[in-house]
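Undergrad: Generate coordinates for the sequence data below:
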Amino acid sequence: MHLRTDHPHDERGSYARLRPLLAAEAAAAAAELPGRVEAADLEQAVWLRLLERPAPPVEPGGWIRRAVRAEARAAAGTTRHQHPYADFGLDDAGGPAARGARGVEDLVIAADQRRRVRAAVRRLPGRCPEVVTALMSRSDPTYREISRELGISQGSLGPLRSRCLGCLRTILDSRVGSPSGRGNAR
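TA: Below you'll find the model as predicted:
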């Protein structure tokens, strides 16, 4: 059975009519934050919000504008807290930066942390090692570039990234030993 998408009460038709508006709003929001967020990422996030709703919004224009702005603010807030390795005294290879001397102890601790993270990434299941390695790349690739490189659809990269980072967090957290004689200082 084939359903028509042009019937006024057909939700698929309603959603299809939102596509140009959402694309325009996402492009405008991404243009206001050059280099910090991509229009395609905003579109994807808003489509997810939209499809989680029980029905299309009654006033879609305003709803889409608000949703795109909220997603853009969230993305801008996230990227605002991201810093290049150099901000942490590391060079492009993850070694100590030439500028700014650090104590030997700090360098040893930083090297150990990098080693532990790399080891944990290798222990991830499935395609997660590839995904996390691509995300950690110094070239700071976009979702589009990563999806092309790994042969993964751009739409599935976000959920896969979340699962992989959750697994990485679990592996790293499990490596932290808790004191066995809690409360029994000697």
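Undergrad: What is the burial count for Ala39?
TA: For Ala39, the neighbour count with other CB atoms under 10 Å is 19. Just so you know, the C-beta spots here come from the backbone N, C-alpha and C atoms, and that holds for glycine as well.
Undergrad: which ones are touching it?
TA: For Ala39, the contact set (CB atoms under 8 Å, 6 or more residues apart in numbering) comprises Ala23, Ala26, Ala27, Ala29, Ala30, Ala31.
Undergrad: quick one: which of these has the most company?
TA: Highest neighbour count within these, by other CB under 10 Å: Ala26, with 26 neighbours.
Undergrad: Now name the helix or strand holding that one.
TA: Per DSSP states H and E: Ala26 is located in helix 11-32.
Undergrad: buried sites along that helix?
TA: Residues of helix 11-32 classed as buried by neighbour count (16 or more other CB atoms under 10 Å): Ser14, Tyr15, Leu18, Leu22, Glu25, Ala26, Ala29, Ala30.
Undergrad: go on, stretch 55-62?
TA: Buried-residue list, stretch 55-62, by 16+ other CB under 10 Å: Pro56, Pro60.
Undergrad: and what of stretch 65-74?
TA: Residues Ala67, Val68, Arg69, Glu71, Ala72 are the ones in stretch 65-74 that count as buried (16+ other CB under 10 Å).
Undergrad: cool, stretch 146-165 as well?
TA: If you call a residue buried by 16+ other CB under 10 Å, then stretch 146-165 has these buried ones: Ile146, Ser147, Ile152, Gln154, Leu157, Leu160, Arg161, Arg163, Cys164.
Undergrad: Centroid-nearest residue for this protein?
TA: Centroid-nearest residue in the chain, with CA atoms, centre = their mean: Gly158, separated by 6.0 Å.
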